[in-house]
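A.B. asks: structure of the sequence below:
(6 chains)
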There are 4 protein chains.
Amino acid sequence: MDVSPPRHLKARKMPRQARSASTIDTIFEATIQVLLKSGTHRLTTTRVAERAGVSVGTMYQYFPHKQALLYALNERYLDRLAERMEKVCLDHHGKSIPDMIAALVTGYWEAKTERSEVTRALYSSAVELDNEALIDAFARRMDAATGAMLESAPIVNCADIHLVKATLLSVIFGTVRNVFERKLPAHEQVAIREQVIRMCVGYLSSADDDRSKNSGSSLCAAERT
Amino acid sequence: MDVSPPRHLKARKMPRQARSASTIDTIFEATIQVLLKSGTHRLTTTRVAERAGVSVGTMYQYFPHKQALLYALNERYLDRLAERMEKVCLDHHGKSIPDMIAALVTGYWEAKTERSEVTRALYSSAVELDNEALIDAFARRMDAATGAMLESAPIVNCADIHLVKATLLSVIFGTVRNVFERKLPAHEQVAIREQVIRMCVGYLSSADDDRSKNSGSSLCAAERT
Amino acid sequence: MDVSPPRHLKARKMPRQARSASTIDTIFEATIQVLLKSGTHRLTTTRVAERAGVSVGTMYQYFPHKQALLYALNERYLDRLAERMEKVCLDHHGKSIPDMIAALVTGYWEAKTERSEVTRALYSSAVELDNEALIDAFARRMDAATGAMLESAPIVNCADIHLVKATLLSVIFGTVRNVFERKLPAHEQVAIREQVIRMCVGYLSSADDDRSKNSGSSLCAAERT
Amino acid sequence: MDVSPPRHLKARKMPRQARSASTIDTIFEATIQVLLKSGTHRLTTTRVAERAGVSVGTMYQYFPHKQALLYALNERYLDRLAERMEKVCLDHHGKSIPDMIAALVTGYWEAKTERSEVTRALYSSAVELDNEALIDAFARRMDAATGAMLESAPIVNCADIHLVKATLLSVIFGTVRNVFERKLPAHEQVAIREQVIRMCVGYLSSADDDRSKNSGSSLCAAERT
DNA sequence: CATGAATGAGTATTCATTCAT
DNA sequence: AATGAATGAATACTCATTCAT
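C.D. replies: Next up is the predicted model:
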């Protein structure tokens, strides 16, 4: 994720040697483990270092302070998530709209759910972390990826593709998180997921319809005013 | 909100005298102020007490520990939010579906946005708080309120009203939060809000259509299997 | 126990009315209960008052501070213990020396053991309590009582009866406490108790022998130098 | 003292470097000083650290909590006391019984009296400390040491040497403590001490007599049943 | 007199960060 | 570079005591 983080959250050294890279990875993993075992508010630098098998001193060589560590961890997480979702999008270029939507929703849902505890832990670690820049960067990548995917669909051809995309992404990401966080029973989660797909597909095709019919209440018409 | 909280999060004494009630309210307000000024992780019992103009000791008479204070604060917040949304629902009994949806989305959006900093602060205060019970209770109230509202609409008549409601609420609450948290520019937020309303309205009418047409891919048909 | 306690440890009001006396007794009992349930270092005035069913304020009417309460409690305990032991002594006037010794040892041992947890609790409550005066008064009463008892024995007739008594009492009280505190198995405690009786009886008769034989190494001779 | 303490009272790190060892010793000394100056209930970790000239943090590196510190302090004290008494016993192997007894009593008495304030302070610090294991270990060492000493005496030859030893030790330790705690005038303490020695010597020789005479009421006969 | 809410100094314990070795 | 001992400010929570009602 090529964001310039708030200056004070920068990692201290970029891993130039293989050794460093692996050390950093070990530290990341250790952080997650501690997060899972002890929760955010008992995540201490000492505990992380211990778990990672390095000394605190060493950890401070890589991350100038705790916040920087958590920032970098979230960065890595969002980076991987973005990559994964970009791949999902790429894989569905040229597919039908319903396929695309289903892929987006399901892909995101699976990414969150696979290691749901880790997801939850990361959410809580990011509280009060100045990570807006990360979120924005993630949003931009998603925007680009879904944009490219949707444009590869034969039918969709709406003027305000930007707004449609923004809406879609907000609905998908927001809803999945909501369902995920409420810890609903699995079958209910799946059922809702299907509904959300239906809803989004309907939305997209209506946006399209509107355009062809030039209807007054349509998305595009609305945008023309 | 008539939830029995996890035993360890119970407030210590129920305010029996007017004086106590106002003290508790003062403490709540102080907590919010401190949350806003210092952030969750610098919210200390001392600071809250100071701001509230009472001694720490007094605070501990009412809340056996910090967690209980935050729990009660969130409880109060969700309680008020629920009341507000219930009123919104009641006020739209018998209205058209689009009106209902618009009211739900806009109502929730406004509730979050009016004192957006407070909303954000409360979200962060709830991290690592065992408040699932609160969320559940809130969800149940929303479910009941929206259910009653939707059933008062002439047209809607779907077999799996439960799933439809759950989906609607997840989409609305999830999306609003997502938009809210990303701090998008106001006009974009409004635009997305309108889209979400469109989307939900479309979803509801399609659910209804499905039923009347008995279409194989419909919501209700699906549920019949 | 007619000791004048260190001025700062005096109870605030002498119970003049029946009501007061019973209140005080309730408080004493409550103190013991709290001591048993929570240990000395979690004995708080509030907890005692609660348990006693009175308000803290009321408690402070009777005892100007915590120390005074504990002092009075220990005073009462030692008073009762002294009474009990005095009765034991009186009951054995004119009996044989072995009977006397056995009565002393067994009596004391039983007094401690009957409610051993209470005994232990009181010991711990007295730590860092300025209760030397109480101990002294108790010692004096024991001295008088055992003195009178021993003098009623036909044989004993030693010049330094004071030293003999002091020794006896130290040995008995010290040993019983030692055995008591080490929580040895009951049968071992009993066995040792019997031995101690033997030992003391032997000591007393030898003190007596010495005197009649006027032996150089005797107790009384030693005292003559 | 090779006792495994209750798990929660374990010291945190064993001193591996000379520096640590001296730090720990400094902390012990400081604890004693604070105990003397402020009493047990005003012994705070901060005060100890201050007096020791280290930071609280450092103290907590070595002792996970106050209790562990006090436990370790008592352990060290009893360890040294045991060593000292073992030496006394060793030094009197082969001596006469009266010499042995005198050595035991006087040795213990001196150990307690030399720094009597420290002794008292340690007693009070141990209240409500789960130090039974320490006391037991100490008792076992004393038992072994006195056993070896007594067995080296030509005459003593009693069947139930175990009971005799237990009695002796209880009497000696109990009585010395009793005399010590009552703060009797020094000359009286000395006088009683002499009496106790006489009493114990008499007891031991009677136990022996009994055996040679096979008297029915003797210790050994009793044990044979 | 009785009550119990309010007080706030006091205390154990944690933890991010530094820096001598 | 790596280490991990040392630091000490920060923080949650307690409890003896007072005093307005």
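
A.B. asks: please see if stretch A:36-50 touches DNA strand E.
C.D. replies: Yes - counting by CB under 7 Å from any atom of the strand, DNA strand E is contacted by stretch A:36-50 at A:41-46. The C-beta positions use only the backbone N, C-alpha and C, and glycine is treated the same way.

A.B. asks: pick the one among those residues closest to DNA strand F.
C.D. replies: Closest to DNA strand F out of the residues of stretch A:36-50 next to DNA strand E is A:Thr46 (7.2 Å), distances taken as CB to the nearest atom of the strand.

A.B. asks: so that closest one, which of the three states?
C.D. replies: Following DSSP: H, G, I helix; E, B strand; the rest coil, the label given to A:Thr46 is helix.

A.B. asks: pLDDT score assigned to it?
C.D. replies: If you check A:Thr46, the pLDDT there is 96.

A.B. asks: same check, this time on A:Ser205
C.D. replies: The model reports A:Ser205 with a pLDDT of 86.

A.B. asks: for A:Arg115, phi and psi?
C.D. replies: phi -120, psi 70 (degrees, to the nearest 10).

A.B. asks: out of the residues of stretch A:36-50 next to DNA strand E, which end up buried?
C.D. replies: Neighbour counting by 16 or more other CB atoms under 10 Å in any protein chain shown classes A:43, A:45 among these as buried.

A.B. asks: ok, and of the residues of stretch A:36-50 next to DNA strand E, which contact chain B?
C.D. replies: Among the residues of stretch A:36-50 next to DNA strand E, the residues within reach of chain B (CB under 8 Å from any CB of the partner chain) are A:His41.

A.B. asks: can you list the residues of chain A near DNA strand E?
C.D. replies: Residues of chain A lying near DNA strand E (CB under 7 Å from any atom of the strand): A:41-46, A:56-57, A:60, A:65-67.

A.B. asks: tell me the two of those that are most distant?
C.D. replies: Farthest-apart pair in those is A:His41 and A:Gly57; separation 23.8 Å (CB to CB).

A.B. asks: residues contacting A:Arg51?
C.D. replies: A:30, A:33-34 (CB atoms under 8 Å, 6 or more residues apart in numbering or on different chains).

A.B. asks: buried residues in whichever helix or strand A:Leu150 is part of?
C.D. replies: Following DSSP states H and E, the helix or strand that holds A:Leu150 is helix A:132-151. Residues of helix A:132-151 classed as buried by neighbour count (16+ other CB under 10 Å): A:133-135, A:137-139, A:141-142, A:145-147, A:149-150.

A.B. asks: as TSV, the residues you listed with distance to D:Phe173 would be great.
C.D. replies: TSV is the format used below for those (distance: CB to CB, whole Å):
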residue	distance to D:Phe173
A:Ala133	72
A:Leu134	69
A:Ile135	71
A:Ala137	75
A:Phe138	73
A:Ala139	77
A:Arg141	78
A:Met142	78
A:Ala145	82
A:Thr146	83
A:Gly147	87
A:Met149	86
A:Leu150	89
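
A.B. asks: just send those residues back as TSV, with pLDDT too.
C.D. replies: Below are these laid out as TSV (pLDDT from 0 to 100):
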residue	pLDDT
A:Ala133	93
A:Leu134	95
A:Ile135	94
A:Ala137	96
A:Phe138	96
A:Ala139	95
A:Arg141	97
A:Met142	96
A:Ala145	97
A:Thr146	95
A:Gly147	93
A:Met149	95
A:Leu150	92
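
A.B. asks: want to throw the contacts of A:Arg51 into CSV with pLDDT and secondary structure?
C.D. replies: Formatted as CSV, the contacts of A:Arg51 follow (pLDDT from 0 to 100; DSSP: H, G, I helix; E, B strand; the rest coil):
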residue, pLDDT, secondary structure
A:Ala30, 97, helix
A:Gln33, 96, helix
A:Val34, 97, helix
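
A.B. asks: out of the residues you listed, who's the most crowded?
C.D. replies: Neighbour tally across the contacts of A:Arg51 (other CB atoms under 10 Å in any protein chain shown): the maximum, 23 neighbours, falls on A:Val34.

A.B. asks: these two touch, right, that residue and A:Thr45?
C.D. replies: No - using CB atoms under 8 Å, A:Val34 is not in contact with A:Thr45, being 9.8 Å away.
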